[in-house]
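In: structural data only, the sequence is not supplied:
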């Protein structure tokens, strides 16, 4: 039995306070985030990157997160110069992608107050800026048109990297940010990942185009797949919800989309508190994809609560 499906049977392991979908997700990720380093003696851009971001956002929003869940991760993230020396299986290690994911996690650690290490934030931003392509985008290996929870794809990598540079806040990153925004303005909408990344990147002049693209692709059950007509997936639904959450609260166009998307995502949650992994092509099994998918889904529910 796979590790995460085995966790579905351990309902008694959830704390008594874990009642809502968000609380169940926090409880699950609070176990899984530190477990990877404890069992493998290295840091994972899935557990200590994508999943840790959800816990940092939970902290920022005043949710209960056990202190030991993030202690080692926070220490690791504040040492960007060591990221490339992380001991992982070289067959599955993409150092460029790991830098993007660890930097994104550090940005959320910084905004949550889990660390006030601004020097580390600036160091991480400099690493990210150095990986920007001449056209203004960030690309990673194993690209797919729709991206995936563990490879992101160029649109999501670009929007997330731009956010890291924004949080670092130094004037020296303004040119890199301008190039990233220019790329997001011109990239065609080929998937939900692209539309979500353009909205998430704050490209206001494409708001209407993206909302129409997203609205037309919402499935009858309320979720989103990678493209219109595809079955809903947790990763794609989470990305769309996070993008919609960046719109002003008074934006009526986003309200119904968020309500139906949240409902689908909550129904898709596993009893363990995680989510079935989104894989490209669909139907695969992967612990890394599962943890990253669960991190994105938890983020989406946390950021859209009350919308």
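Out: Right, received. Where do you want to start? From a predicted model like this one, the values you see are computed outputs, not experimental measurements.

In: please name the residues that touch residue 95.
Out: Residues counted as contacts of residue 95 (C-beta atoms under 8 Å, 6 or more residues apart in numbering) are 83-84. The C-beta positions use only the backbone N, C-alpha and C, and glycine is treated the same way.

In: chain center to stretch 80-89, what's the gap?
Out: Distance, stretch centre to chain centre, for stretch 80-89: 20 Å (C-alpha atoms, centre = their mean, to the nearest Å).

In: enumerate the positions of that stretch that are buried.
Out: For stretch 80-89, a neighbour-count test (16 or more other C-beta atoms under 10 Å) marks 80, 83, 86 as buried.

In: correct me if wrong: the second one contacts residue 100.
Out: No - when contacts are counted by C-beta atoms under 8 Å, residue 83 is not listed as touching residue 100 (10.4 Å).

In: phi, psi of residue 171?
Out: Note on residue 171: backbone dihedrals following degrees, to the nearest 10 are phi -60, psi -30.

In: number of residues surrounding it?
Out: Residues lying near residue 171 (other C-beta atoms under 10 Å) number 6.

In: what about it, distance to residue 132?
Out: As judged by C-beta to C-beta, to the nearest Å, residue 171 and residue 132 stand 16 Å apart.

In: before we move on, the earlier item: the buried residues of stretch 80-89 into TSV, with extra columns for distance to residue 41 and pLDDT?
Out: Shown next, in TSV, are the buried residues of stretch 80-89 (distance: C-beta to C-beta, whole Å; pLDDT from 0 to 100):
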residue	distance to residue 41	pLDDT
80	20	97
83	16	95
86	10	83
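
In: with those in mind, which one is nearest to residue 287?
Out: Nearest to residue 287 out of those is residue 86 (C-beta to C-beta; 17.5 Å).

In: my read: the closest one touches residue 43, true?
Out: Yes - contact status for residue 86 versus residue 43: in contact at 5.5 Å, counting by C-beta under 8 Å.

In: quick one: mean pLDDT for the helix or strand where residue 34 lies?
Out: Take DSSP states H and E as the rule and residue 34 turns out to sit in helix 21-40. For helix 21-40, mean pLDDT is 96.

In: tell me the helices and strands packed up against the helix or strand following that helix.
Out: Sequence-wise, the next helix or strand downstream of helix 21-40 (DSSP H and E) is helix 52-60. The helices and strands touching helix 52-60, judged by 3 or more C-beta pairs under 8 Å, 6 or more residues apart in numbering; DSSP states H and E, are helix 21-40, helix 95-112, helix 287-304.

In: picking up where we left off before, residues of the helix holding residue 34 that come out buried?
Out: By neighbour count on 16+ other C-beta under 10 Å, the buried set for helix 21-40 is 21-34, 36-37.

In: widest-spaced pair of those?
Out: Top of the distance list for the buried residues of helix 21-40 (C-beta to C-beta): 21 and 37, 26.4 Å.

In: report the contact partners of the residue nearest to residue 146 when sequence neighbours are not counted.
Out: Excluding the flanking residues, the one nearest residue 146 by C-beta to C-beta, 6 or more residues apart in numbering is residue 226, at 3.6 Å. Applying C-beta under 8 Å, 6+ apart to residue 226 gives the contacts 146, 191-193, 233, 236, 280.
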